[in-house]
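Novice: quick one: sequence plus predicted model below, questions after.
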2 protein chains.
Amino acid sequence: MATLADVARRAGVSPATASRIINGSSKPVTEALRQRVLAAVEELQYVPNAHAQLLARSHRSTVGVVVHDVSDPYFAEITRGLQRVATEHGRLVMICNSYRDPDKELQYVELLRAHQVAAIVLAGSGYHDDAFTETMNSKLRVYESTGGRAVVIGRHEHAGDAVVPDNEMGGYLLGAELYALGHTEIGVVAGPKLLTTTTDRIAGLRRAAREHGHRLPARRIVYGDFDRDGGASAAAALLDAEPDITAIAALNDPMAIGVLALLRARGISVPGRISVTGFDDMPVARDVTPALTTVRLPLADMGARAMTLALQPPADGRPPRIEEVGAELVRRESTGPARD
Amino acid sequence: MATLADVARRAGVSPATASRIINGSSKPVTEALRQRVLAAVEELQYVPNAHAQLLARSHRSTVGVVVHDVSDPYFAEITRGLQRVATEHGRLVMICNSYRDPDKELQYVELLRAHQVAAIVLAGSGYHDDAFTETMNSKLRVYESTGGRAVVIGRHEHAGDAVVPDNEMGGYLLGAELYALGHTEIGVVAGPKLLTTTTDRIAGLRRAAREHGHRLPARRIVYGDFDRDGGASAAAALLDAEPDITAIAALNDPMAIGVLALLRARGISVPGRISVTGFDDMPVARDVTPALTTVRLPLADMGARAMTLALQPPADGRPPRIEEVGAELVRRESTGPARD
DNA sequence: CCTCGTCAGGCAAGCGCTTTCCACGGGACG
DNA sequence: CGTCCCGTGGAAAGCGCTTGCCTGACGAGG
């Protein structure tokens, strides 16, 4: 690998000058020299060693993101928003997939700290576990105390700023819609019990139930993984235990798709006999048959706002900023009036 | 930020000893010292500066990946395979999204080189453009000449090793299936004209046509973006220009879904009046109605093999290794016998 | 003609860490 | 009791780059 010294030697200048020319420093340099150096760079195919650069100018510029899984459409969309804003500000972003593993999350925060990132954005960490929250918080606080910025997407129990979607409201909208359609026997296909996403959405559903004079008993809620298979098996369990339900609220779209697949396999018509709702309005929601009634969250926007917060100057003891973003009902074909 | 020197001072040892203890070097160290140092690390919440470490041990370990877009399911799957193998070998991977922008691709290769990666994996760069291929090749060769490894997924015109899916075979399988079902008037909804992925798949379709005594005229091929909307608009154009086709081969699954959406909007039954095929067998393929007949590529496996190649010792003039992987037909509900 | 200001360019001190090489002390052995 | 050796720990030389500060030269002003 060619080094700066090689370039300098070849151009017959000092490394200092070469560095200044290559980085376009403001120091004035004769045109002849600049040409010589640039030519040397080209001939040697010189690429500066990023580690050396980053070490020398102790200047934090990139921002780190810890996310459940970038290839999950939900987080892909958030990430898109994050990236857009970062790029607009000329910042690089380093993305890490935690796959919701708390240990990995902690490790990655460490890794990002090691890489001297200017800010850390956490998305998709939704654990209720107090011990985890506590250690994460302390890490985040240490990080902030050294001038870093921490932003959390999706919950506000953490240290640092946050942008949180109104999951409760989303649940409420869905519940209200179903009750309005005359459904009183509603089952819920929920995500992992420990995620605030799950509990908040259920809380909204429950509020809708209350307001319509109903209840949402715990036995009508089955928990599973936030994916297609989780939805299918939860729906199977639910149907076996509670055969008289007329609507199933799945707590995200992939689960709803699993529910749809199971119902089709069992020959149950949707929305004829059972109405189904999703959550998040991912692109597939409109491509399945019947197209999913669901709730839209402005995911990309949330990412953008999180990055905007992350790029702000460090906190310095001011109270954490919390931005809440709304949810919006999307009516499609998977819901209809209750049968009887 | 606490530094190693801080830790050493606090523990009353030299930085050298602290470093050895923290990195678990093989040098023997008294237990008492080790405890003191570890305690200091804990108290100071010390995290080693990754740049300094990487600079000091000039030891390339992470591998870089340039990919079209990790959140695209196709590349997500490839990436999963890459990651798995990398993790098994304790290597970190740095992922960059090029969004198929040739300039970005070049830039990222540079960036990765700057970060001293041990290997570079290119996926989703499929441009036919000779100029681009040439500059990319020269960059890659320079990189390899400094001891790096380059692996390309999806095409073999590049320098370095390659793992390529048999797109031609996939196209052939689909074509053969359609002709076997009695379709003779076939339209193609193709991806960008400049991608080898597109041209190879078409070549397979054409071979099937020839073998069944038919032709696939250019006017029956409409090009569009490799996504849902690209599929929908290409299908619209195709249908308007060639109303008597009885089958549409879309060159990837998202496009096929767009085709399905358009046909539904126009009230055309699938596979009743028109059969539709996809390509890649992404998860959604089985969730749409009708479920897509498509071709499966072992994407994760391709990623894994690419990473395995990347982890191999440097080339040293041996001829580039090229691994080809097969394709497999998946029959579902979107195809049926031709009407007449 | 001397002094001073100015400008192009180089010197060298780090950035935070690793690692080679050396020093020191004590136990084993002759 | 002297030597040798081994087991521990430290000193210091970088890794490749940036940047504050200084120098030398040259033209301008007194």
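Specialist: Looks like it arrived, so ask away.

Novice: what stretches of chain A score poorly on pLDDT?
Specialist: A:126-128, A:156, A:315, A:340 (pLDDT under 70).

Novice: smallest gap between chain A and DNA strand C, at which residue?
Specialist: Across chain A, the shortest distance to DNA strand C (C-beta to the nearest atom of the strand) belongs to A:Pro28, at 2.7 Å. To be clear about C-beta, it is placed using only N, CA and C from the backbone, and glycine gets the same treatment.

Novice: number of residues surrounding that residue?
Specialist: 6 (other C-beta atoms under 10 Å in any protein chain shown).

Novice: equivalent analysis for A:Leu194, please.
Specialist: With other C-beta under 10 Å as criterion, A:Leu194 counts 16.

Novice: so which elements touch whichever strand or helix holds A:Leu111?
Specialist: Secondary structure from DSSP states H and E places A:Leu111 in helix A:102-114. When contacts are defined as 3 or more C-beta pairs under 8 Å, 6 or more residues apart in numbering or on different chains; DSSP states H and E, helix A:102-114 sits against strand A:63-67, strand A:93-97, strand A:119-123, helix A:130-145, helix B:50-56.

Novice: make it 6 Å
Specialist: strand A:63-67, helix A:130-145 (3 or more C-beta pairs under 6 Å, 6 or more residues apart in numbering or on different chains; DSSP states H and E).

Novice: need the winner for burial among these.
Specialist: Greatest average neighbour count among those goes to strand A:63-67 (a mean of 27), per mean count of other C-beta atoms under 10 Å in any protein chain shown.

Novice: can you name the next helix or strand after that one?
Specialist: Beyond strand A:63-67 on the C-terminal side, the first helix or strand identified by DSSP H and E is helix A:73-88.

Novice: then that next one to CSV, C-alphas only?
Specialist: The C-alpha trace of helix A:73-88 is given here as CSV (Å, rounded to 0.1, in the frame of the first residue of the first chain):
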residue,chain,number,x,y,z
PRO,A,73,-38.9,-3.5,5.6
TYR,A,74,-39.9,-1.7,8.7
PHE,A,75,-36.4,-0.8,9.6
ALA,A,76,-35.3,-0.5,6.0
GLU,A,77,-37.7,2.4,5.7
ILE,A,78,-36.5,4.1,8.9
THR,A,79,-32.9,3.6,7.8
ARG,A,80,-33.7,5.2,4.5
GLY,A,81,-34.8,8.3,6.3
LEU,A,82,-31.7,8.3,8.5
GLN,A,83,-29.4,7.9,5.6
ARG,A,84,-31.0,10.7,3.6
VAL,A,85,-30.5,13.3,6.3
ALA,A,86,-27.0,12.0,7.0
THR,A,87,-26.0,12.3,3.4
GLU,A,88,-27.4,15.7,3.1
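
Novice: redo the helices and strands packed on helix A:102-114 as a markdown table? Include distance to DNA strand D.
Specialist: Shown next, in a markdown table, are those (distance: least, C-beta to the nearest atom of the strand, whole Å):
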| stretch | distance to DNA strand D |
| --- | --- |
| strand A:63-67 | 19 |
| helix A:130-145 | 23 |
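
Novice: among the ones you listed, which comes closest to A:Glu77?
Specialist: strand A:63-67 (11.0 Å; C-beta to C-beta).

Novice: ok and that closest one relative to helix A:73-88, angle-wise?
Specialist: Angle between the axes of strand A:63-67 and helix A:73-88 is 180 degrees (criterion: axes from the mean of the first three to the mean of the last three C-alpha atoms, to 10 degrees).

Novice: tell me the strands beside strand A:63-67, with direction?
Specialist: Applying DSSP bridges, strand A:63-67 is found paired with strand A:93-97 (parallel), strand A:119-123 (parallel).

Novice: run through who's touching the first one.
Specialist: Spelled out, it's strand A:93-97. With contact meaning C-beta atoms under 6 Å, 6 or more residues apart in numbering or on different chains, strand A:93-97 is reached by A:Thr62, A:Val63, A:Gly64, A:Val65, A:Val66, A:Asp69, A:Val70, A:Ala86, A:Tyr108.

Novice: leaving out the residues flanking it, which one is nearest to the last one?
Specialist: Taking C-beta to C-beta, 6 or more residues apart in numbering or on different chains, and ignoring the residues beside it in sequence, A:Tyr108 has A:Cys96 as its nearest neighbour in space, at 4.2 Å.

Novice: and if you look at A:Gly187?
Specialist: A:Ile245 (4.1 Å).

Novice: A:Thr335 and A:Gly182: what is the separation?
Specialist: To A:Gly182, A:Thr335 is 11 Å away according to C-beta to C-beta, to the nearest Å.

Novice: the residue nearest to A:Tyr108 bridge partners, please.
Specialist: A:Val66.

Novice: spell out which residues of the stretch 101-250 of chain A are next to chain B.
Specialist: Contact residues (C-beta under 6 Å from any C-beta of the partner chain) of the stretch 101-250 of chain A with chain B: A:Glu110, A:Arg113, A:Ala114, A:His115, A:Val142, A:Thr146.

Novice: who wins for neighbours among these?
Specialist: Neighbour-wise, these (other C-beta under 10 Å) top out at A:Arg113, 23 neighbours.

Novice: coming back round to it: which element is the residue nearest to A:Gly187 on?
Specialist: Assigned by DSSP H and E, A:Ile245 belongs to no helix or strand.
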